[in-house]
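K.L.:
Fold the following for me, if possible:
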Amino acid sequence: MTAAPAAPSYTRSDWSSAFRNVGQELSDVVLEPTRGQIPDALAGVLYRNGPGRLERGGQWLHHPFDGDGMIT
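P.N.:
This next block holds a predicted model:
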């Protein structure tokens, strides 16, 4: 007797979000300088790195490493 395969714990839509273009690209954002002090308990750096665009002019790229990179 064999057991039925378990249902996956994810759906294709979970993965497909990694292969969509960035909804809105912000390039002319002016950041206002601020004054103050960073709390002592706050330490570290967060980088999110990934492809920003997987399509240009109707041409879809076939691998996520081919996309234009973006760091947020």
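
K.L.:
tell me the mean pLDDT for stretch 29-37?
P.N.:
For stretch 29-37, the per-residue pLDDT values average out at 85.

K.L.:
Endpoints of it, how far apart?
P.N.:
From the first residue to the last, stretch 29-37 extends over 23 Å; the measure is CA to CA, to the nearest Å.

K.L.:
Other residues contacting it?
P.N.:
Identification of contacts with stretch 29-37 by CB atoms under 8 Å, 6 or more residues apart in numbering yields no residue at all. Heads up, the C-betas are built off the backbone N, CA and C, glycines and all.

K.L.:
so how far is that stretch off the chain centroid?
P.N.:
Offset of stretch 29-37 from its chain centre (CA atoms, centre = their mean, to the nearest Å): 25 Å.

K.L.:
try stretch 41-56
P.N.:
7 Å.

K.L.:
Which parts of the chain are strands?
P.N.:
49-53, 55-56, 59-60, 68-71 (DSSP state E).

K.L.:
what does the average pLDDT come to for the last one?
P.N.:
So the one you mean is strand 68-71. Average pLDDT, strand 68-71: 64.

K.L.:
Please apply the same query to the second one.
P.N.:
Here the mean pLDDT over strand 55-56 is 76, rounded to a whole number.

K.L.:
from now on call the first residue 638
P.N.:
OK, 638 is where the count begins now, so the last one is strand 692-693.

K.L.:
other SSEs contacting that strand?
P.N.:
Of the remaining helices and strands, none touches strand 692-693 by 3 or more CB pairs under 8 Å, 6 or more residues apart in numbering; DSSP states H and E.

K.L.:
so what strands line up beside that strand?
P.N.:
Strand 692-693 has the following strand partners under DSSP bridges: strand 696-697 (antiparallel).

K.L.:
So what touches the partner strand?
P.N.:
Counting contacts by CB under 8 Å, 6+ apart, the residues outside strand 696-697 that touch it are L691.
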